[in-house]
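S.K.: next come a sequence and a model predicted from it.
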Amino acid sequence: MQKLLRLVRLDFSMILREEMLWFMLFVVPALQFSAALLLLPWLEEQFPVMAEYHLLIVMLMTLQVVTSIGFVLASMLLDERDEEVLTALRAMPVGVNAFLFYRLGIGTVMAVLFAYAMLSIPGLEGLGLASRLMAAALFASAAPITTLALATLSSNKVEGLAVYKGLSIILLIPAGSFFMDSWVQYTLGVVPVYWSLHFVDKVLVGEPGGLELLMALLTHGLVLWMLFRLFKRRVFS
Amino acid sequence: MISVSNLAYTYPKSVAPAVDNISFEIPQGEIFGFLGPSGAGKSTTQKILIRLLRGYQGDIQLMGKHLEEWDKSFYNHIGVGFELPNHFGKLTALENLRFFGAFYDRPVRDPMELLNRVGLEEHADKRVSDFSKGMKMRLNFVRAIMHNPELLFFDEPTSGLDPVNARRIKDLILEQRTAGKTIFLTTHVMHDADELCNRIAFIVNGKIALIDSPKKLKLQYGRRQVRVEYLNGAVREEAFPLDGIGNNAGFLRILQEEDVQTIHTEEATLDDIFIKVTGTSLH
C-alpha cells in the first residue's frame, strides 16, 4: 500500500508539472461540473426545450469529464513511450502489464469519482445509490478506453490531441439514438457508450436495464481488451 | 551463473538469424564482455537473457534455473543498464530512483548515496529532462545497481561519458565484481573491454567467433618482440625478440648507449585481433 501511495504521489507530481495535464485533469472537470450545476439550469429556464434533454446533456458532459482524465493518462503514457520508460519497466519485478493496469486503474478510479459527482447533480434523483455507482463505473470505462486509444493510435501528444477530438466525436454519436425510433439506433451499439446512456435512461424510467448493463459491460470489456492488445503490440513488438 | 547452449533467434519477418547457435558460460564473479559491431546480435542476446525477447531456440540457465522457469522475481536478482537512457523526464533524479526502487521486493540502496557515487548529488533535485546524455547514463547505471542484484547487464555503459565520469563508472563496475557480482557487458569500446573484462567474446553476424581472456588473446595474436625507439641524430627504431632479451647484445647496447625514447612489447590490441578473426572492423 505504501508503494502504491508513493507511485500515486509521483504520478501527481508529474501531472502538476505540466500545465496542460493539470488543466485537463482538474480545471476541465471543474468547469463541466460548474456548468452542469449552474449554467445548465439557467439555460433550461431560458430555453425550456433543453429541459427535455437534461439527462442526455448531463450524461454527455459526464463523458467529457471522464475522457479528459483518459487524455491526461494517455499523454503520460505517450511521454513514457518516448522516454523508453516502458522498456525499463519491463525489466522490473512489477512488469509492464501491472504498471499499465495501475495507470489505467488510477484513471478509472478518478473517473468513477468524477462521474459519480456529475451524475449526482439535480435532475437525476431517480438513480439510486447502486445504479448511480454502476452508471458512474460504466461512464468511467471511457477513461481507460480513451487512454489506450490515444496511446495506441498516436505517436506524440500533438497527434494525441487530434485523436482525442476524433474519439470525442465518436463517443457522442450514440446520443443520436435518442432521436431515432427505428431499429437502426441499435447499430450505434457498437460504440460501448450507447449502452451506458441507455442503461441510465432505462433505470430513470423505472426499468431494471439489465440487458443494457450486460451489453455495456461486454462492449466496454471487449474494446478495452482489444485496445490493450493493440497497445502492447504497437509498443513492444 | 549463466549457461547458454546453442542459442538461436530469428526476428519475425526476417530470414537470417540474428543469433546463430551460440554457446558460452559465465561463472559467478566474472565480467564477460560481448563485443561486436552494430547488428552483430549483441543486444538481441542481451534482450533474450533479460527475458525481453521470447521464442528463441536453445537452452539458457541463469542462477541455477532455466530461463523459462523464472517468474517476475527474476528482476529482483538482475540489474539492467540499458544502452539508451530511460527515465521519467518530468521527475527529478531522486524521484526517479524512488519510483523505480518502489518496484523491488528487496531492500534498495539509499538513492542519495548512489547519486553521490556517480557525481550527481548536486543534481538530485533537478528534473531528468534537463540532464545531459552523460548524466542520464550515470543515472541509468545507478538504477541498475540500486537493488544490489547478483547479475548485472550493461549495454555500452560508458557511452556519452567524459573521461572522468567514464572512469567513475568503470571503477563502480570493478567494485561490483569485487563484491562477487557477475557482469554481462555489451560494448564495442575495445579499451573498456580490455580494462574490465575477465573474458570476452567476439560476435559477428550472430555467431561467436572467439572467446578468451583479453590478456591471452593479446599475447596469442601479438608478436613476441620489443620495439625500442631512440634518438641518434634522428629518431630510430629497432625490434628485438622477447625470447632471450636479457642476453640480446643489440638490445643491451641501445639501453646502455643510446637516448631511449620508448620501449614497447608488441602484443596485439583487441581491435587488431577482432579484425584478424572476423575480417571486419568494429566501427
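M.R.: That came through fine.
S.K.: who in chain A is up against chain B?
M.R.: A:3, A:6-7, A:10, A:13-14, A:17-18, A:79-80, A:83-85, A:87-95, A:237 (Cβ under 8 Å from any Cβ of the partner chain). Every C-beta, even on glycine, is put in place using the N, C-alpha and C of the backbone.
S.K.: those residues in helices, which ones?
M.R.: When DSSP state H is applied, the residues of chain A next to chain B are split such that A:3, A:6-7, A:10, A:13-14, A:79-80, A:85, A:87-90, A:95 fall in helices.
S.K.: among these, name the buried ones.
M.R.: Buried positions within those, assessed by neighbour count (16 or more other Cβ atoms under 10 Å in any protein chain shown), are A:7, A:10, A:14, A:79-80, A:85, A:87-90, A:95.
S.K.: so what's residue 47 up against?
M.R.: Since no chain was named, I'll use chain A. Contacts of A:Phe47 were listed using Cβ atoms under 8 Å, 6 or more residues apart in numbering or on different chains, and none were found.
S.K.: wait, chain B was what I had in mind.
M.R.: B:Lys47 makes contact with B:Leu53, according to Cβ under 8 Å, 6+ apart.
S.K.: where does the residue of chain A found nearest chain B land on pLDDT?
M.R.: Sorted by distance to chain B under Cβ to the nearest Cβ, the residues of chain A start with A:Glu84, at 3.7 Å. Each residue has a pLDDT score; the one for A:Glu84 is 88.
S.K.: my guess is it contacts B:Leu84. True?
M.R.: Yes: the pair formed by A:Glu84 and B:Leu84 meets the contact definition of Cβ atoms under 8 Å, at 6.0 Å.
S.K.: what is the longest helix seen in chain B packed up against?
M.R.: Taking DSSP H as the assignment, the helix of chain B that covers the most residues is helix B:163-178. If you count contacts as 3 or more Cβ pairs under 8 Å, 6 or more residues apart in numbering or on different chains; DSSP states H and E, helix B:163-178 packs onto strand B:31-35, helix B:133-145, strand B:182-187, helix B:190-196.
S.K.: of the ones you listed, which is nearest chain A?
M.R.: The minimum distance between chain A and the helices and strands packed on helix B:163-178 falls on helix B:133-145, with 7.7 Å, by Cβ to the nearest Cβ.
S.K.: pull the number of nearby residues for the closest residue to A:Phe178 other than its chain neighbours.
M.R.: What sits nearest to A:Phe178 in space, not counting adjacent residues and going by Cβ to Cβ, 6 or more residues apart in numbering or on different chains, is A:Leu56, at 5.6 Å. Residues near A:Leu56, counting by other Cβ atoms under 10 Å in any protein chain shown, number 16.
S.K.: go through the longest helix of chain B and flag the buried ones.
M.R.: Applying 16+ other Cβ under 10 Å to helix B:163-178 flags B:165-166, B:168-170, B:172-173, B:176-177 as buried.
S.K.: please work out which residues outside stretch A:93-106 touch it.
M.R.: Under the contact criterion Cβ under 8 Å, 6+ apart, stretch A:93-106 has outside partners A:4, A:7-8, A:11, A:73, A:76-77, A:86, A:89-90, A:92, A:144, A:147-148, A:228, A:231-232, A:236, B:72-76, B:103-105.
S.K.: for the residue in chain B positioned nearest to chain A, give me phi and psi.
M.R.: Of all residues in chain B, the one sitting closest to chain A is B:Asn86 (3.7 Å; Cβ to the nearest Cβ). Main-chain torsions, B:Asn86, degrees, to the nearest 10: phi -140, psi 90.
S.K.: count the neighbours of A:Ser154 for me.
M.R.: For A:Ser154, the tally of surrounding residues (other Cβ under 10 Å) stands at 18.
S.K.: please look at it and A:Leu77 and confirm they touch.
M.R.: No: using Cβ under 8 Å as the test, A:Ser154 is too far from A:Leu77 to be in contact (10.1 Å).
S.K.: what's the helix or strand for A:Ala115?
M.R.: Per DSSP states H and E: A:Ala115 is located in helix A:95-118.
S.K.: hmm, back to that, give me the angle between the longest helix of chain B and helix B:133-145.
M.R.: On the basis of axes from the mean of the first three to the mean of the last three Cα atoms, to 10 degrees, helix B:163-178 is oriented at 10 degrees to helix B:133-145.
S.K.: identify the residues contacting helix B:163-178?
M.R.: Under the criterion Cβ under 8 Å, 6+ apart, residues B:29-31, B:117-119, B:134, B:137-138, B:141, B:145, B:152, B:154, B:157-158, B:161, B:183, B:185, B:192, B:195-196 lie in contact with helix B:163-178.
S.K.: which of the helices and strands in chain A ranks last by mean pLDDT?
M.R.: Lowest on mean pLDDT, DSSP states H and E among the helices and strands of chain A sits helix A:2-16, with a mean of 84.
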